[in-house]
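S.K.: when you get a sec, could you give me coordinates for this:
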Amino acid sequence: MPFLDVNGTRLHYEDTGGSGAPIVFSHGLLWSGRMFDKQVAVLKDRYRCITYDHRGQGQSDVWKVDAVDMETVYADAVGLIEKLGVGPCHFVGLSMGGFVGMRLAARRPDLLRSLSLLETSADPEPVENAPRYKLLNFVARWSGLGLLAKPVMSLMFGRTFLEDPSRAAERAEWEGRLRENRRDIWRAVNGVLYRRGVYEELARVKTPTLVLVGSEDVATVPARAERIHEALAGSKLVKLPRGGHTSTVEEPELLNAALVGFLDGVT
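M.R.: Numbers count the residues shown, from 1 in each chain. Below is the predicted model of the structure:
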């Protein structure tokens, strides 16, 4: 099981190897690099695909802090890219991973060939979401996420995926992964809740960028993607006709087609 020592912690990662241009995948809150399995399966023959778990999530270690702040998570991504020697890389970030990707593009463009921002926002977390996050943290810390699995699933996945009878087994699989979250996940949740926005930094981004959002995303609504697209000159905006906040899982064919088309156009 590969781990990399970065900034005083150990990050779990998986690397397909190969001679193709590297793609680094950065996941969303409460999940792990496994949320990109369906992208890696399609891209691994042409690209070197690297997934990793953020500090305090998945199988990566965490400091004993009250919040794994986004600046630390960004620094971890810089360290991982540099230690693996894969810069400049294509960087694909979903939600929290997008927070990382925007910081990279604004501050370390030398590390990136392209940036794909999936289901994400450049703004701080809306204040009205704070009670929901605080409840999640309280429950996770003292009893695990089992009690909140159903409402969190409704936030993380769109209506089409949740209501399709043929995908019941797949839903059960992802709900099981949600329930298995470590109890110290609250540290990572706080990092997202109290993060600083990076909208004002987007004017510095010159990296070729894809901005993608599912039409059923209720966690990061499509207007957030449109706002990023408007701030990034030359970016490409794709709105999927279906899909919620976990579009890599929900709509892999639609998402993969958009991602491959974008990557193929990057020189």
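S.K.: low pLDDT regions in this structure?
M.R.: 1, 267 (pLDDT under 70).
S.K.: strands of that one, start to end?
M.R.: Using DSSP state E, the strands of the chain run over residues 3-6, 9-15, 22-26, 48-52, 89-94, 112-118, 209-214, 236-240.
S.K.: list the neighbouring strands of the last one plus their orientation.
M.R.: Paired with strand 236-240 in the same sheet, following DSSP bridges, are strand 209-214 (parallel).
S.K.: same deal with the fifth one?
M.R.: Using DSSP bridges, the neighbouring strands of strand 89-94 in the sheet come out as strand 22-26 (parallel), strand 112-118 (parallel).
S.K.: can you redo these as TSV with mean neighbour count?
M.R.: Any C-beta I mention is one placed from the backbone N, CA and C, and that applies to glycine too. What follows is the strands paired with strand 89-94, written out as TSV (neighbours: other C-beta atoms under 10 Å):
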stretch	mean neighbour count
strand 22-26	27
strand 112-118	26
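S.K.: make a markdown table from the ones you listed and add distance to residue 91 to it.
M.R.: A markdown table is the format used below for those (distance: least, C-beta to C-beta, whole Å):
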| stretch | distance to residue 91 |
| --- | --- |
| strand 22-26 | 5 |
| strand 112-118 | 5 |
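S.K.: residue 163 is nearest to which of the strands of the chain?
M.R.: strand 209-214 (14.5 Å; C-beta to C-beta).
S.K.: what ranges do the helices span in the stretch 151-267 of the chain?
M.R.: Along the stretch 151-267 of the chain, the stretches classed as helices by DSSP state H, counting those that start in this stretch are 159-163, 168-179, 186-193, 222-231, 247-250, 252-264.
S.K.: and for the first one, what's in contact with it?
M.R.: By that I understand helix 159-163. Helix 159-163 is contacted from outside by 153-154, 167, 170-171, 216, 242-244, 246, 249-251, using C-beta atoms under 8 Å, 6 or more residues apart in numbering.
S.K.: hang on, the earlier thing: any chance of TSV for the helices of the stretch 151-267 of the chain, columns distance to residue 148?
M.R.: Formatted as TSV, the helices of the stretch 151-267 of the chain follow (distance: least, C-beta to C-beta, whole Å):
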stretch	distance to residue 148
helix 159-163	16
helix 168-179	9
helix 186-193	12
helix 222-231	23
helix 247-250	19
helix 252-264	26
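S.K.: so which of the ones you listed comes closest to residue 210?
M.R.: Comparing the helices of the stretch 151-267 of the chain under C-beta to C-beta, the one sitting nearest is helix 252-264, at 4.3 Å.
S.K.: can you tell me which helices and strands the closest one packs against?
M.R.: helix 37-43, strand 112-118, strand 209-214, strand 236-240, helix 247-250 (3 or more C-beta pairs under 8 Å, 6 or more residues apart in numbering; DSSP states H and E).
S.K.: repeat that for 7 Å
M.R.: Packing partners of helix 252-264 (3 or more C-beta pairs under 7 Å, 6 or more residues apart in numbering; DSSP states H and E): helix 37-43, strand 112-118, strand 209-214, strand 236-240.
S.K.: residues contacting residue 54?
M.R.: 27, 60, 73, 96, 188 (C-beta atoms under 7 Å, 6 or more residues apart in numbering).
S.K.: can you redo the strands of the chain as a markdown table with distance to residue 69?
M.R.: Formatted as a markdown table, those follow (distance: least, C-beta to C-beta, whole Å):
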| stretch | distance to residue 69 |
| --- | --- |
| strand 3-6 | 15 |
| strand 9-15 | 13 |
| strand 22-26 | 16 |
| strand 48-52 | 18 |
| strand 89-94 | 17 |
| strand 112-118 | 20 |
| strand 209-214 | 24 |
| strand 236-240 | 29 |
